[in-house]
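Novice: Predicted model follows, preceded by the sequence.
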Amino acid sequence: MDTMYYGHGTPAERWERAGMFFDAKDYAAAARVLGGLVEEVPEQTGPRLLLARAYYHSAQLRRAEAELRVVVERDPVEHYARLMLGRTLQRQGRDDEARPHLRIAAALGGSFDEE
């Protein structure tokens, strides 16, 4: 397979292409485009979060976890990253590790569970 297409164009064009792949539910192709984009602009949260989502939806859970941990480390109050990290850990059967992330996400999102 020719992978040159996935890295072709400006960062904005690749971001748009990745979004089209993601919207078309071709998560593996979106991840191929986003992987290069994240390497090029590692400080940007948007591409890294979309990459994590693409990994999550294509069942590449360890990769999704790794990307989400980078986001949470850089921005501990990033609500969506916390939620996704919790769900990713749950999907791997790691409920005890997921629980704190899901609680923080709920608190940041303004929904508090009564226990």
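Specialist: That came in fine, so what should we check first?
Novice: now the helices for the chain?
Specialist: Assigned by DSSP state H, the helices in the chain fall at 4-7, 11-23, 27-40, 45-57, 61-74, 79-91, 95-109.
Novice: and those helices as a markdown table, adding mean neighbour count and mean pLDDT?
Specialist: From N, CA and C alone the C-beta is placed, and that goes for glycine too. Converted to a markdown table, the helices of the chain look like this (neighbours: other C-beta atoms under 10 Å; pLDDT from 0 to 100):
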| stretch | mean neighbour count | mean pLDDT |
| --- | --- | --- |
| helix 4-7 | 14 | 68 |
| helix 11-23 | 16 | 94 |
| helix 27-40 | 20 | 95 |
| helix 45-57 | 21 | 97 |
| helix 61-74 | 18 | 97 |
| helix 79-91 | 21 | 96 |
| helix 95-109 | 15 | 94 |
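Novice: Disregarding residues adjacent in the polypeptide, which is nearest to Val77?
Specialist: Distances taken as C-beta to C-beta, 6 or more residues apart in numbering put Leu108 closest to Val77, at 5.9 Å, once the chain neighbours are dropped.
Novice: Hmm, the one you found is touching Gly86, no?
Specialist: No. Assessed by C-beta atoms under 8 Å, Leu108 is found out of contact with Gly86, at 11.7 Å.
Novice: Leu34 contacts Leu49, correct?
Specialist: No. Using C-beta under 8 Å, Leu34 is not in contact with Leu49, being 9.6 Å away.
Novice: tell me the centre residue of the protein?
Specialist: The residue lying closest to the centre of the chain (C-alpha atoms, centre = their mean) is Ala52, at 2.1 Å.
Novice: Next, show the common contact partners of Leu34 and Leu49.
Specialist: Shared contacts of Leu34 and Leu49 (C-beta atoms under 8 Å, 6 or more residues apart in numbering): none.
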